[in-house]
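1. what's the 3D shape of this:
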Amino acid sequence: MKYLLLASLALLFLTGCASNASLVGTGYDTAFVYKPAEPVANGPKLPITVAVLPFKDGTGDFTKLGSIFDPESLTFNLVKSGIDGIINALPPELWAQAFADDLSASGAFRAVRFVSTPADLHDEDFYIKGTVKKAYAAGGWTRPSEYAFGFQLIRRSDNRLVLEKDVAMELMAKKSDFEGCGTNIRCMAERSHAAVNRVMQSLFADARAGIIVSISSPSGGRTGQDAAREGDSLPSDQDSIEQTIDRILQGK
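-> Numbering: from 1, shown residues only. Predicted coordinates:
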């Protein structure tokens, strides 16, 4: 994500005289649209339904830290503010909708949907609440950009917490990130969006794995981080998976 900042700084600030009108590829839609990863071949198929509620904002109380004249000091909070000409803000609701889309596209669940409020929950087996904790794009080359969110998986029938988990990722920029873009801002924006998409895919894959393990393992339904610790495994066949899920849903 640092190339988001580096591109805009290099083109708009370091030249001193560049303007949007002088850049190639203006008019690009900077709204980010999440594209889920492809389903995992031969992955688990859980006969459950899941709803994802809007996430909360747990990021710092700032939109930008540092100075545009010192890229190494700059940090953008992408939850609260985007970067002009490159990417719009990524508010918590966008994260929640993207997570729901990812869970649905994975094919690991019978059905997944995003709901606006708890009142919209119907017959889902589980629902998810979450908080975006970091979406910080760092300037310069010496610091990584940071992304993190936490979530809770809750059984709808009795509001019992099944899993609580945090996932996080850091991303360091490379000088080759914009190779071939020249002064084409659209090219830079597209590569920046693709980088954000890869980050989200990685975070969501980690979160999804924790959900699947927590629900499917013989010790499934445990509360807290232990439910997804390394070493847990899925039941050996679909029948045992369904039996385990039935037991969890019945509160046994």
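2. Would you mark the buried spots in stretch 188-206?
-> Judged by neighbour count (16 or more other C-beta atoms under 10 Å), stretch 188-206 contains these buried residues: 188-189, 191-193, 195-197, 199-201, 203-204. Just so you know, the C-beta spots here come from the backbone N, C-alpha and C atoms, and that holds for glycine as well.
3. and the least confident of these?
-> Ranked by pLDDT, these bottom out at M188 (86).
4. could you say which helix or strand contains it?
-> helix 185-216 (DSSP states H and E).
5. what packs against that helix?
-> On a contact count with 3 or more C-beta pairs under 8 Å, 6 or more residues apart in numbering; DSSP states H and E, helix 185-216 meets helix 2-12, strand 46-52, helix 92-105, strand 145-155, strand 160-171, helix 238-249.
6. change it to 6 Å
-> Applying 3 or more C-beta pairs under 6 Å, 6 or more residues apart in numbering; DSSP states H and E, one finds that helix 185-216 contacts helix 92-105, strand 160-171.
7. Name the residues that touch whichever helix or strand comes after the first one?
-> Proceeding C-terminally, helix 92-105 gives way to strand 109-114 as the next helix or strand, assigned by DSSP H and E. The contact list for strand 109-114 (C-beta atoms under 6 Å, 6 or more residues apart in numbering) reads 46-52, 97, 100, 103-104.
8. If we only consider the residues you listed, which is nearest to A119?
-> Of all those, A51 has the smallest distance to A119: 11.4 Å, by C-beta to C-beta.
9. S116 is in contact with that closest one, correct?
-> No: A51 is not in contact with S116 according to C-beta atoms under 6 Å; the separation is 10.3 Å.
10. neighbour-wise, which of the two wins?
-> Using other C-beta atoms under 10 Å as the criterion, A51 and S116 rank with A51 on top: 22 against 10.
11. quick one, what contacts the more buried one?
-> Contacts of A51 were listed using C-beta under 6 Å, 6+ apart, and they are 113, 115, 121, 124, 127.
12. that older thread, of the contacts of strand 109-114, keep whichever come out buried.
-> Among those, the ones that count as buried by 16+ other C-beta under 10 Å are 46, 48-52, 97, 100, 103-104.
13. Can you add pLDDT and give those residues back as a markdown table?
-> A markdown table is the format used below for the buried ones among the contacts of strand 109-114 (pLDDT from 0 to 100):
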| residue | pLDDT |
| --- | --- |
| L46 | 95 |
| I48 | 96 |
| T49 | 97 |
| V50 | 98 |
| A51 | 98 |
| V52 | 98 |
| Q97 | 98 |
| A100 | 98 |
| L103 | 98 |
| S104 | 97 |
